[in-house]
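Student: below are the sequence and a predicted model; questions follow.
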Amino acid sequence: MTEQAAKRLDTEALHHLPAYIQRPAYDRADTRIGIVHLGVGAFHRAHQAVYIEDALALDPDWAISGVSLNSRDVRDALAPQDGLYTLALLGETPQLRVIGALREVLAARDEGARVLDRLADADVRLVTLTITEKGYCLSAGELDFAHPDIAHDVLYPTTPVSAIGYLVEGLRRRKEQRLPPFTVLSCDNLPDNGGKLRRAVVAFAQRLDHDLACWIAENGAFPRSMVDSITPATDDALRARVADELGFVDAWPVQREAYTQWVVEDAFCNGRPPLERVGVAMSNDIAGYDRAKLRLLNAPHSALAYLGSLMGIETVAQAMATPELARFVERLMREAIVPNVAAPQGFDAPRYVEAILARFRNPAIQHRLSQIAWDGSQKIPVRLLGTIGDALAAGRPIDVLCLPVAGWLQFVRRQARNGVSLVDPMNDVLSQIGRRTTGDATHDVDAFLALDAVFGSLAGDGRFATALRDAYAALGDGSPEAVSAALA
């Protein structure tokens, strides 16, 4: 490592990076902050900020002010670097790119007044969020006024601590200053994210000021969106590699797979970046994209998780290197799922399948099957049973779709008989059924089908029950050899 490697990445360092390192394709000094992002974690910096990085080369008005609502760590890491950080794209040929879209990083716990000033800045026309579902402080899809942060913000609205509180106080200040509202764009993967966020913001504002709530409801915008990209956590190995290649120390680089997707509802109230020119899909059918992702990406993931785990395989890439399992998953997607997906307009299902298969094969992403196998009782209904229901309604075969469901039952049975608890909210009841299984397909499957919370009305469909029993029987004792034979 050169002597320079002890120096931090910053604006001056950009002039000394190796030629093959991609860097901002615009003059950062010419940019203006037009976006405030709440929740400036690794996913945002590896995903949305990269799209904005490309957009800044087309329009300089959309640089980002990143806000950490609870932690000081990102600010303390990136402030000495002028907001610069490195993105590592993981693939057969890894690539590094220095991102300059973050013009400032604020820690709200220390700098709440600066955050509110930025939200009230006329140049800011878009606020984006990646705060995870819990950051919205919802209960049953609506704002939870009993949540401690929301209760605090109702009492002390000018010194908020919650994302909802910051949004409403920022909007109140804009109304007071006769500025138009900013668009609020949720980038967290929860169903109807924009709708839930709109209701939460308006409900909170209503507690404070009826006129403010009406102004937000009439003039604001809360587009729905969907995001997708695997972003492994930053580790010391990444930091060391980045320092070696850049010749400068980056305190907090990020990494993700090369594949990325961002779908946004085109419903903005105060202008927007040229998102469609940098790879963002603008669509008014976000629910359709969510459904396609659940069925074409998440369902095969679960198939790999349960069938692969039974075969003693540890990661998705290893599973895809197992010929019979890779062939089955491709057949599942192309023959059993694609015909049963009501794709949104402009969605290219065959191309999406190819992209997913390439992602699954990526050896640089160590996605563990044991983690994907968590919460099966919550995932199986939305990932597989909906497709099975649609296939039955259309008179299409379901035998291939039932094999991963049977794989989950066999997985539950194996874990229970080995005394291993499931990471699942229904662990107790599932483990109890698993311990009582006998290996007889009719007995075992019927015991699981009694779980109305999982199978619902499908349990009473004789066609499904028969197909699931056949798939369960095909997996035999759930051993690697039996699973391999069933997949052949």
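Tutor: Happy to help now that I have it.

Student: can you list the residue ranges for strands in the stretch 151-300 of the chain?
Tutor: 183-186, 225-228, 254-257, 261-264, 281-282 (DSSP state E, counting those that start in this stretch).

Student: summarise which helices and strands the fourth one is packed against.
Tutor: Meaning strand 261-264. strand 225-228, strand 281-282, helix 286-293 (3 or more C-beta pairs under 8 Å, 6 or more residues apart in numbering; DSSP states H and E). All C-beta spots, glycine's among them, are computed from the backbone N, C-alpha and C.

Student: as CSV, these with mean pLDDT and mean neighbour count would be great.
Tutor: What follows is the helices and strands packed on strand 261-264, written out as CSV (pLDDT from 0 to 100; neighbours: other C-beta atoms under 10 Å):
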stretch, mean pLDDT, mean neighbour count
strand 225-228, 97, 21
strand 281-282, 96, 16
helix 286-293, 95, 20
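
Student: can you put these in TSV and add distance to P253?
Tutor: Formatted as TSV, the helices and strands packed on strand 261-264 follow (distance: least, C-beta to C-beta, whole Å):
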stretch	distance to P253
strand 225-228	20
strand 281-282	27
helix 286-293	27
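
Student: hmm, back to that, and of the strands of the stretch 151-300 of the chain, who's closest to L246?
Tutor: Between L246 and the strands of the stretch 151-300 of the chain, the shortest gap by C-beta to C-beta is with strand 254-257, which sits at 13.9 Å.

Student: can you give the strand pairings for that closest one, parallel or anti for each?
Tutor: Within its sheet, strand 254-257 is paired with strand 85-90 (parallel), according to DSSP bridges.

Student: now the helices for the stretch 101-250 of the chain?
Tutor: 108-119, 148-155, 163-176, 193-208, 210-219, 236-246 (DSSP state H, counting those that start in this stretch).

Student: what's next to the longest one, contact-wise?
Tutor: Taking contacts as C-beta atoms under 8 Å, 6 or more residues apart in numbering, the residues outside helix 193-208 that touch it are 129, 136-138, 141-143, 145, 150, 153-154, 157, 164-165, 167-168, 171-172, 184-187, 190, 212-213, 216-217, 220, 222-225, 265, 267, 286.

Student: over to the first one?
Tutor: If you take C-beta under 8 Å, 6+ apart as the criterion, helix 108-119 is touched by 33, 36, 65, 67-70, 72, 106, 124, 127, 158-161, 166-167, 169-171, 173-174, 182.

Student: show me which of these are buried.
Tutor: Buried by 16 or more other C-beta atoms under 10 Å: 33, 36, 65, 67-69, 72, 106, 124, 127, 160-161, 166-167, 169-171, 173-174, 182, out of the contacts of helix 108-119.

Student: any of the contacts of helix 193-208 buried? List them.
Tutor: For those, buried by 16+ other C-beta under 10 Å: 129, 136-138, 143, 150, 153-154, 157, 164-165, 167-168, 171-172, 184-187, 212-213, 216, 220, 222-225, 265, 286.

Student: and the nearest residue to A233 once chain neighbours are set aside, what does it touch?
Tutor: Counting by C-beta to C-beta, 6 or more residues apart in numbering, A42 is the residue found nearest to A233 once chain neighbours are left out, at 6.9 Å. The neighbourhood of A42, defined by C-beta under 8 Å, 6+ apart, consists of 231, 233-234, 254.

Student: again, but for E53
Tutor: E53 neighbours (C-beta under 8 Å, 6+ apart): 24, 99-101.

Student: any idea which element it lies in?
Tutor: helix 48-56 (DSSP states H and E).

Student: give me the distance from that helix to the chain's centre.
Tutor: The chain centre lies 18 Å from the centre of helix 48-56; the measure is C-alpha atoms, centre = their mean, to the nearest Å.

Student: that helix: what's the following helix or strand?
Tutor: Scanning onward from helix 48-56 (DSSP H and E), the first element met is strand 63-68.

Student: that next one to helix 48-56, inter-axis angle?
Tutor: 170 degrees (axes from the mean of the first three to the mean of the last three C-alpha atoms, to 10 degrees).

Student: how far off centre is the following helix or strand past strand 63-68?
Tutor: Next in sequence after strand 63-68, counting helices and strands by DSSP H and E, comes helix 73-78. Computed by C-alpha atoms, centre = their mean, the chain-centroid distance of helix 73-78 equals 23 Å.

Student: equivalent analysis for stretch 439-447, please.
Tutor: For stretch 439-447, the distance to the chain centre is 36 Å (C-alpha atoms, centre = their mean).

Student: next one: stretch 81-88
Tutor: On C-alpha atoms, centre = their mean, the centre of stretch 81-88 falls 22 Å from the chain's centre.

Student: how much space between the closest residue to G170 other than its chain neighbours and P274?
Tutor: Nearest non-adjacent residue to G170, counting by C-beta to C-beta, 6+ apart: L119, 2.9 Å away. Separation of L119 from P274 (C-beta to C-beta, to the nearest Å): 23 Å.

Student: of those two, who's got more company?
Tutor: L119 (23 against 14; other C-beta atoms under 10 Å).

Student: distance of the more buried one relative to P223?
Tutor: Counting by C-beta to C-beta, the gap from L119 to P223 is 18 Å.

Student: likewise for I99?
Tutor: 23 Å.

Student: what sits against the closest residue to R28 other than its chain neighbours?
Tutor: Nearest residue to R28, sequence neighbours excluded (C-beta to C-beta, 6+ apart): G100, at 5.0 Å. Going by C-beta under 8 Å, 6+ apart, G100 touches 23-24, 26, 28, 53, 56, 83-84.
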